[in-house]
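J.: any chance you can model this:
(2 chains)
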Amino acid sequence: MEKATDMEMEREEVEEEETESVSDVLRDRFRLSTISIAEAEAKRNGMEISEPIVACISDLAFKYAEQLAKDLELFAQHASRKIVKMEDVILSAHRNEHLATSLRSLCDDLKAKEPQSERKRKKTPRKENKATTSVVHILDN
Amino acid sequence: MEDENNTFDPDLIHAIFKLVWTRRALERERNDVADALDCEVGAGTSKKNRQTSANGKAIKLSSELLRIFITEAVQRAATIAEAEGASKIEATHLERILPQLLLDF
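T.: Coordinates of the predicted model:
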């Protein structure tokens, strides 16, 4: 039994090393995107931004992304789900009302782009109105 | 004038999330193995260890959230820099907005 555990531990170490190098690649790609976004935003404000500061923001944002992943997993788990949904992302922004509002309206935009969203609208008539369904069933388009 | 909407590639964000979730799943598996040595249950077969995944819209929203994080940081620091008459955002500007930024996110 002990040999099996040793082999498993070795396998886990190799997996860990692999995830570390994948992490480095992702971190670099992330930094490139951050540089582009940060410089564009600085320009929009009529400013320049110093390189070490962009690197600093990038590292911070990467850590935030990792923290976000952890939070999203916990929220989904809390709702007894294995799949993270938009509501989990919105929940993670709860500390800042502005942020939550922006995300919520983005969420609505994303939902509206779906062709199937008609069914999920809350304005579908209830069963009591069966008699008048012909009048009530005026859906857009 | 730039027309491009500067944002994170959703696939990149998805990859980062999957990395974190994989790491956490490995941790859980390791803890399960420690517990499972006594009983006959195989590690990794328990329901708890199926890996978390995300739906596409959640990833898009997360990408947007991260983009906002960057723009907020830059914008807030730019406001301080401007108030001081500087034309370049430096460490001292970032320093000052960092506490509130971290509290807001």
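J.: which ones are touching the residue nearest to the spatial centre of chain A?
T.: When CA atoms, centre = their mean is applied to chain A, the residue found nearest the centroid is A:Val89 (5.2 Å). Taking CB atoms under 8 Å, 6 or more residues apart in numbering or on different chains as the criterion, A:Val89 is in contact with A:72, A:103, A:107, B:58, B:61-62, B:65. (Glycine included, C-beta is placed from N, CA and C.)
J.: among those residues, which pair sits farthest apart?
T.: Farthest-apart pair in the contacts of A:Val89 is A:Leu72 and A:Cys107; separation 14.3 Å (CB to CB).
J.: out of those two, which sits in the busier spot?
T.: The neighbour comparison of A:Leu72 against A:Cys107 (other CB atoms under 10 Å in any protein chain shown) goes to A:Leu72, with 23 against 20.
J.: picking up where we left off before, quick one: pLDDT of the residue nearest to the centre of chain A?
T.: Model confidence at A:Val89, given as pLDDT, is 94.
J.: stretch A:70-86 near chain B at all?
T.: Yes - using CB under 8 Å from any CB of the partner chain, stretch A:70-86 reaches chain B at A:70, A:72-73, A:76-77, A:82-86.
J.: so for stretch A:83-98, what gets flagged as buried?
T.: Buried positions in stretch A:83-98, judged by neighbour count with 16 or more other CB atoms under 10 Å in any protein chain shown: A:84-93, A:96.
J.: got the contact list for A:Tyr64?
T.: Going by CB under 8 Å, 6+ apart, A:Tyr64 touches B:66, B:69, B:105.
J.: now those as a markdown table including secondary structure?
T.: A markdown table is the format used below for the contacts of A:Tyr64 (DSSP: H, G, I helix; E, B strand; the rest coil):
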| residue | secondary structure |
| --- | --- |
| B:Leu66 | helix |
| B:Phe69 | helix |
| B:Phe105 | coil |
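J.: emit the PyMOL select command for whichever of those residues are buried.
T.: Those of the contacts of A:Tyr64 that count as buried under 16+ other CB under 10 Å are selected in PyMOL with:
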select buried, chain B and resi 66+69+105
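J.: would you state the helices of the chain in chain order?
T.: All of this is about chain A. For chain A, the helices defined by DSSP state H occupy A:2-44, A:51-78, A:86-92, A:97-112, A:117-120, A:133-136.
J.: please go with chain B instead
T.: According to DSSP H, the helices that chain B contains are B:10-36, B:56-83, B:91-104.
J.: on that earlier part again, now narrow the contacts of A:Tyr64 to whatever sits close to chain A.
T.: Restricting the contacts of A:Tyr64 to those touching chain A (CB under 8 Å from any CB) yields B:66, B:69, B:105.
J.: reformat these into a markdown table and put pLDDT next to each item.
T.: Converted to a markdown table, the ones next to chain A among the contacts of A:Tyr64 look like this (pLDDT from 0 to 100):
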| residue | pLDDT |
| --- | --- |
| B:Leu66 | 96 |
| B:Phe69 | 95 |
| B:Phe105 | 91 |
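J.: which pLDDT does the model give the nearest residue to A:Glu16 once chain neighbours are set aside?
T.: In this structure, A:Glu16 finds its nearest non-sequential neighbour in B:Leu26, 7.2 Å apart by CB to CB, 6 or more residues apart in numbering or on different chains. Per-residue pLDDT puts B:Leu26 at 89.
J.: got it, and B:Met1?
T.: On the pLDDT scale, B:Met1 gets 44.
J.: what of B:Glu72?
T.: pLDDT at B:Glu72 comes out at 94.
J.: equivalent analysis for B:Arg96, please.
T.: With respect to pLDDT, B:Arg96 scores 95.
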